[in-house]
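# What shape does this take:
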Amino acid sequence: MTAIDYDLEFLEDGRTIELISIGMVCDDGREYYAVSARLADRGWRGWKMRRRVRKHAWLMENVVSSLPKPHGDWNNHMPQSWLFNYHDPAVKPRKRIAAEVAAFIQATDDVELWANYGAYDHVALAQLWGPMIALPEGVPMFTHDIQQEARRLGFNWDDLPKQESGEHNALADARHNQTVRRWLARQAWRGAS
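Reported below is the predicted structural model:
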């Protein structure tokens with residue numbers, strides 16, 4: 001088995017889950033990061049999503065602050081109304097993200113997905129392709145949950161390795177998920193021997 005650890009940042013209201021960003025890391029060293037271009041869309045849907053995000057204090061403080069920032073001269077010229085750098089190469093249309101994520105997962109034989117509190121993450125991931133029945137070949141229909149594994153092994157949140165930086169940046173969180181999952185695997189191996 002080869003593991004892919006991932007994290008999604010999203011806007012949810014109890015009925016819908018809107019992707020903001022996704023980060024994935026594979027045990028083979030590959031990484032993937034993307035931000036939904038829907039947040040940068042100039043149309044009604046983009047405006048509506050930005051408005052919802054702006055009203056969500058937690059997302060503004062924790063997630064939007066970790067999205068791509070302008071650099072160099074662009075820092076002085078980026079419109080103040082923008083939430084982040086909409087021209088960053090990580091900002092991609094949903095269809096492109098779906099194709100790239102499918103290719104990332106399919107490049108790994110016998111893959112298992114892992115996420116921290118991954119129930120919503122898996123739903124948001126599956127929604128990249130529509131209903132769950134539309135998952136591409138090779139994309140697992142479930143995600144292993146780091147918290148469930150920790151509880152199974154007798155650990156609680158305070159026992160797990162702490163994330164040093166980048167919390168709520170999807171790629172940094174995916175990297176940390178990999179660290180925690182590997183730590184748990186070592187603990188399970190020690191307990192079994």
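# can you give me the offset of the top helix by length along the chain from its chain's centre?
Counting by DSSP state H, the longest helix found in the chain is helix 170-192. Centre-to-centre, helix 170-192 and its host chain are 16 Å apart (C-alpha atoms, centre = their mean, to the nearest Å).
# Excluding its own residues, what touches it? List them.
3, 5-9, 20-25, 27, 31-33, 66, 114-116, 146, 149-150, 153, 155, 160-161, 163, 165-167 (C-beta atoms under 8 Å, 6 or more residues apart in numbering). For the C-beta atoms, the positions are set from N, CA and C on the backbone; glycine is no exception.
# Please identify the helix or strand for the closest residue to Val139 other than its chain neighbours.
With C-beta to C-beta, 6 or more residues apart in numbering as the measure, Ile105 is the residue that lies nearest to Val139, at 5.2 Å, once sequence neighbours are left out. For Ile105, the enclosing helix or strand under DSSP states H and E is helix 94-106.
# Val123 contacts Ile17, doesn't it?
Yes. Counting by C-beta atoms under 8 Å, Ile17 is a contact partner of Val123 at 5.9 Å.
# The two - which one has more neighbours?
Per other C-beta atoms under 10 Å, whichever of Val123 and Ile17 has more neighbours is Ile17, with 18 against 15.
# shouldn't that one be in contact with Ala126?
No. Because the distance of 10.0 Å does not satisfy C-beta under 8 Å, Ile17 is recorded as not touching Ala126.
# hang on, the earlier thing: report the buried members of the contacts of helix 170-192.
Neighbour-count burial within the contacts of helix 170-192 applies to 3, 5-9, 20-25, 27, 32-33, 66, 114-116, 146, 149-150, 155, 160, 163; the criterion is 16 or more other C-beta atoms under 10 Å.
# residues in contact with Asp63?
Not quite, residue 63 is Val, not Asp. Contacts of Val63 were listed using C-beta under 8 Å, 6+ apart, and they are 9, 20-21, 168.
# List the ones among the buried ones among the contacts of helix 170-192 that fall in strands.
Secondary structure defined by DSSP state E assigns 3, 5-9, 20-25, 32-33, 114-115 of the buried ones among the contacts of helix 170-192 to strands.
# Nearest to Ala40 among these?
Closest to Ala40 out of those is Ile20 (11.3 Å), distances taken as C-beta to C-beta.
# in the sheet, who's paired with the residue nearest to the closest one when sequence neighbours are not counted?
With C-beta to C-beta, 6+ apart as the criterion, Ile20 has its nearest non-adjacent residue at 4.4 Å, and that residue is Glu9. For Glu9, the beta-bridge partners are Ser21 (DSSP bridges).
# ok, now which ones touch Glu9?
Under the criterion of C-beta under 8 Å, 6+ apart, the neighbours of Glu9 are 20-22, 59, 63, 66, 168, 170.
# Quick check: next helix or strand after the lowest-mean-pLDDT helix or strand in the chain?
Of all the helices and strands that make up the chain, helix 74-77 has the lowest average by mean pLDDT, DSSP states H and E, namely a mean of 68. Using DSSP H and E, the helix or strand that directly follows helix 74-77 along the chain is strand 91-92.
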